[in-house]
Every structure is written in C-alpha cells, then in structure tokens.
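[1] need the 3D shape of this:
(one chain, ligands or ions: 1)
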Amino acid sequence: MTESTDQKLSKDASSLSFKNTEVAFSSKSDSDLKKAKFLFKMLANKPMMVLGKYATNAVLALHLPVKGLIKATIFNQFCGGESIPECADTTKVLDQYGIGTILDYSVEGKDSEADFKAAFEELIRTVQTASGNEHIPFCVFKISGLESNSLLEKASLKKELSPNEKASFEKLKERVNHLCKLAHEANTPILIDAEESWIQPAIDDLAMEMIAKYNGEKPIVYNTLQMYRHDRLAHLKEAHEICKQKGVIYAIKVVRGAYMEKERERANERGYPSPIQPDKVSTDRDFDLAISYALDHIETIGLCCGTHNENSSMALAQEMVKRGIPISHPHIYFAQLYGMSDHISFNLSHAGYNVAKYVPYGPIKEVMPYLIRRAEENTSVAGQTGRELNLIISELKRRKLE
Ligand SMILES: Cc1cc2nc3c(=O)[nH]c(=O)nc-3n(C[C@H](O)[C@H](O)[C@H](O)COP(=O)(O)OP(=O)(O)OC[C@H]3O[C@@H](n4cnc5c(N)ncnc54)[C@H](O)[C@@H]3O)c2cc1C
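    Down below sits the predicted model:
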C-alpha cells in the first residue's frame, strides 16, 4: 500500500463522489481510455455481441488465431492475465491506488476429477501468492470448481450418497479444509462464492464448518449471501447467532446474486416456488437490511460488500461515517470486479475506504465463459454499459481528447 492506515483515516470521507472521473481513471493512460471506449461501444451493440459470442466460440474451437485479438481487447479489460505471474502488473497498478487484488481463478464448466485436482492445485497457488502479500487482502474460490454440480446437488438435498459419492464428497471437504487452513496460516481471508440455490445448501454447510474452525477473533473464511433470495436475511441472522454461540466471528460477502434468470426458469420448469425475490425493490431492500445488520454487529461480523451499485456503495460509505465506524475498519471491505465500476473502487479507495477488486485470470480459452458473461451483462443490464461508456467519455472530455 502506498499510504499508511493513519494517513487513510485522516482523509475526509465527506468529499467522496463517484462522479470524479479524474480519480476513477487515474490509472488509465489516454490510449487505455480510448481502447476502453471502443470496447464498451462494441459491447453496447446487441446484434454484434450475439454474433460475436457464437463466432468467438467457433473460431476458438477451430483453433483459429484470434487469441491475440481477444487478449488485446475484452480479455485485457476484464482479466489480469493468463496466469498468476501475469497478474503481477495489474496487482501493482491497483496497489498504487490503494486497491487490493483478489486473484480469481476463473476457469469454469469443468467436470472431471483431473479438472478438480488441477483447480485445487491452482487455488493453493493463489493462497500461497497471497500469503504475506499485503496487496492481496483476500483469496476466493468456487466450491463448484472442486466438485461436480450433480454431487453438490445430491448433497444439498441430503440424499443418501453411494460409497463412491461419499468418498468424492470427503475429498471435496479435505480440499476445502486445506484451502481454508492455508488461508488461516497465511492470515489472509478467503471468500467462498455463492452459486445456484440447488447446490448452495452444501456450500453453506461447508462454509459454516470452515468458519467455525478458522474464524477466531479475525474473520478468515467468508461465506457469500445473495440477497436476491428471499430467505437470506433470515439465514444471515441465524448463522450469526450460531457463530456468536461458538464464540467465532461470522464473515460474509454480501451480493445481490448472479443467477436470477436461471433460478426463475428452473423453478418455473420444475414447478417449485422461486427462491428469488419478486422484484428488484425487494432485493435492494434485503441488501440494505443485510448491510445494516452487519454494521449493527460489526465487532462480530466481517463484511465484504460486493456490488457495482452506486447507491449501495455510497449508502454503506456514508453510514459508516454516520455511525462513527472508522472508514478503514478491518471488518469492512468494498469489492468490485476488475474492468468495471472503477469510479466506485478508485473513489472509495481515494477517500480512505478498504477496497479490493476481483481480478479474474486463466488461459484465454478457459475463461471465455466468464468473459462472455461479462460481455452479456454489459450488453443486457440496463444502464451498465451506458454508465461505463459515459464515464469514459466524460474523462476523455476532461482530458480534452474528445
Ligand atoms: C466483488 C463481487 C463478488 C461477487 N460474487 C458473487 C457471488 O459469489 N455469487 C453471485 O451469485 N454473484 C456474485 N457477484 C455478482 C452479483 O451478485 C451481482 O450479480 C452483480 O454485482 C450485479 O448486482 P449489483 O449489486 O452490482 O448491481 P444492481 O444493478 O443494483 O443489481 C442487479 C442485480 O439485482 C438483482 N435483480 C435485478 N432485477 C431483479 C428483479 N426483477 N427481481 C429481483 N432481483 C433482481 C439481480 O441479483 C441482479 O444481478 C459478485 C459481484 C461482485 C462485484
């Protein structure tokens, strides 16, 4: 970090504004900004994106030489590199602005024991890289990267497992325990991502077991709560109560949730009540209530607020000041994804708050599903691309480049 905690604390949080594009894009050169503008303009073009998605998959499958093009454009915007060493420059740049890196191994959709073992070994390397590295305040992993969805679903339904399945599940537990133990030894918190509701009970059980084991007075293992689920506020209070009884700190990443359409479709197809809130207002309400509950109990809860929502980020920042909570309180972090919402991350960090970015990485071909999701999100989510594009254009104008 370039500044001491004391220096950070002495800054005036009241000057915080997400409209400050000079701070937001301070790490970007003129040519970086122009490239970003070109990319976000492309992402805003829906027909082109649909075509691009299928064309990219096809050319990669045919081993056509498009890697360089992808790497120079969308990959560089949203990923740190193809490997941990390749992410070092990104980590360094973010650190210059007081922003931590969360190395996010973003290889998805794998389903064999060889893949799970390879992912496990890579995740060990992420924890080892974070160990003693103050620029990397968290590690992260997805349980579904270590075991098949079908077994996680069966375990979630508490169905009897066959001897083979039992052995696989034990191996998963050992791997999860190994990662959390390493994180504990490294004194680096580790986030467990939230996933689809039909595999989440197994994830919650594993996360709670690890929290009970490794969270003493410091939050080390964080579970994730998706507030688009109508049952998560109750879950938060119940899990916090359990942790209090055990005398350990509860720790959570609070997000809105990434799988809404998939969740609703499945519930509809199979005829069970959707676990998702009826509307966005309800999701927002529970998101706010979860943040507020965490602040009420901040001495016994570790909170990572994972959002690109300006209002949610500003509300938390202001509420901390209002309640007299130090703005660099070690139990409170803001987090965004690399390549998105720099106006939130950089301005929060500039004002003295704790901020980290998920920095996805992995071989280009393997992270394509992740990149396609980012592209779709930036194409379909109302306002997201427009917002990024407008901010970039404002900064280009401020620099007299437009
Ligand atoms: C650092 C970080 C970590 C993340 N980790 C995870 C994770 O572990 N698991 C995960 O699932 N997601 C994760 N996400 C993604 C997150 O859940 C959201 O999908 C994404 O951030 C968009 O929500 P928002 O709060 O940023 O913005 P907003 O634009 O305010 O919210 C959009 C979200 O609101 C909800 N929503 C939208 N419309 C409706 C509706 N009609 N009814 C009900 N709800 C609605 C959906 O969740 C949608 O994604 C993470 C995001 C970040 C930034």
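[2] surely Gly216 is within a helix?
    No - assessed by DSSP: H, G, I helix; E, B strand; the rest coil, Gly216 does not belong to a helix; its assignment is coil.
[3] ok, now how distant is it from Gly302?
    As defined by Cβ to Cβ, to the nearest Å, Gly216 lies at a distance of 12 Å from Gly302. Every C-beta, even on glycine, is put in place using the N, C-alpha and C of the backbone.
[4] show me the common contact partners of the two, please.
    Counting by Cβ atoms under 8 Å, 6 or more residues apart in numbering, the residues touching both Gly216 and Gly302 are Ile249.
[5] tell me which of the two has more neighbours.
    Higher neighbour count among Gly216 and Gly302: Gly302, with 23 against 11, using other Cβ atoms under 10 Å.
[6] could I get the buried residue list for the one helix or strand the more buried one maps to?
    In this structure, Gly302 sits in strand 301-306 according to DSSP states H and E. Under the neighbour-count criterion of 16 or more other Cβ atoms under 10 Å, strand 301-306 has 301-306 buried.
[7] stretch 308-320 too?
    The neighbour-count criterion (16+ other Cβ under 10 Å) identifies 308, 312-317, 320 as the buried residues of stretch 308-320.
[8] name the nearest of those residues relative to the ligand.
    His308 (3.6 Å; Cβ to the nearest ligand atom).
[9] the closest one contacts His343, correct?
    No - in this structure, His308 sits apart from His343 without contact. The criterion is Cβ atoms under 8 Å, and the distance is 9.8 Å.
[10] now do the closest residue to Gly386 other than its chain neighbours, the pLDDT please.
    Once its chain neighbours are removed from consideration, Gly386 has its nearest residue in Ala44; the separation is 7.0 Å (Cβ to Cβ, 6 or more residues apart in numbering). On the pLDDT scale, Ala44 is placed at 78.
[11] from what I see, Ala44 and Asn390 are in contact.
    No - counting by Cβ under 8 Å, Ala44 does not reach Asn390; the two are 10.8 Å apart.
[12] neighbour count: those two, which is higher?
    Per other Cβ under 10 Å, whichever of Ala44 and Asn390 has more neighbours is Ala44, with 16 against 13.
[13] ok, what's across the strand from Tyr361?
    On the basis of DSSP bridges, Tyr361 is bridged to Gly81, Tyr105.
[14] residues near Glu377, how many?
    Under the neighbour criterion other Cβ under 10 Å, Glu377 is assigned a count of 16.
[15] any idea which element it lies in?
    Glu377 is located in helix 364-380, with elements delineated by DSSP H and E.
[16] tell me the SS of the nearest residue to Ile192 once chain neighbours are set aside?
    When the adjacent residues along the chain are set aside, Ile192 lies closest to Ala207, with 4.8 Å between them (Cβ to Cβ, 6+ apart). Three-state assignment for Ala207 (three-state DSSP): helix.
[17] state the pLDDT value of Glu122.
    Looking at Glu122, its pLDDT reads 97.
[18] contacts only, for it.
    Each residue near Glu122 by Cβ under 8 Å, 6+ apart is listed here: 105, 107.
[19] same check on the one 4 residues further on?
    The contact partners of Thr126, by Cβ under 8 Å, 6+ apart, come to 84, 103, 105, 139-141.
[20] please repeat the previous calculation with a cut-off of 6 Å.
    103, 139 (Cβ atoms under 6 Å, 6 or more residues apart in numbering).
[21] name the residues of the one helix or strand it maps to that are buried.
    Taking DSSP H and E as the definition, one finds Thr126 inside helix 113-130. For helix 113-130, the buried set under the neighbour-count rule, 16+ other Cβ under 10 Å, comprises 116, 119-120, 122-123, 126-127, 129-130.
[22] likewise stretch 215-226?
    Within stretch 215-226, the residues that count as buried by 16+ other Cβ under 10 Å are 215, 219-226.
[23] residues from this structure in reach of the ligand?
    193-194, 224, 226, 228, 255-260, 276-277, 279-280, 283, 306-309, 335-337, 358 (Cβ under 6 Å from any ligand atom).
[24] ok, which stretches of the protein are strands?
    In the chain, the segments counted as strands under DSSP state E are 99-105, 139-141, 190-192, 221-226, 250-255, 301-306, 332-337, 355-361.
[25] mean pLDDT and distance to Phe18 added to these, as a markdown table?
    Below are the strands of the chain laid out as a markdown table (pLDDT from 0 to 100; distance: least, Cβ to Cβ, whole Å):
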| stretch | mean pLDDT | distance to Phe18 |
| --- | --- | --- |
| strand 99-105 | 98 | 15 |
| strand 139-141 | 98 | 24 |
| strand 190-192 | 98 | 24 |
| strand 221-226 | 98 | 24 |
| strand 250-255 | 98 | 19 |
| strand 301-306 | 98 | 14 |
| strand 332-337 | 98 | 11 |
| strand 355-361 | 97 | 13 |
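[26] dump those strands into JSON lines; add distance to Leu236 as well.
    As requested, these are arranged in JSON lines below (distance: least, Cβ to Cβ, whole Å):
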{"stretch": "strand 99-105", "distance to Leu236": "22"}
{"stretch": "strand 139-141", "distance to Leu236": "20"}
{"stretch": "strand 190-192", "distance to Leu236": "15"}
{"stretch": "strand 221-226", "distance to Leu236": "6"}
{"stretch": "strand 250-255", "distance to Leu236": "7"}
{"stretch": "strand 301-306", "distance to Leu236": "9"}
{"stretch": "strand 332-337", "distance to Leu236": "16"}
{"stretch": "strand 355-361", "distance to Leu236": "21"}
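[27] relative to Ile211, which of these is closest?
    Closest approach to Ile211 among the strands of the chain (Cβ to Cβ): strand 221-226, 4.8 Å.
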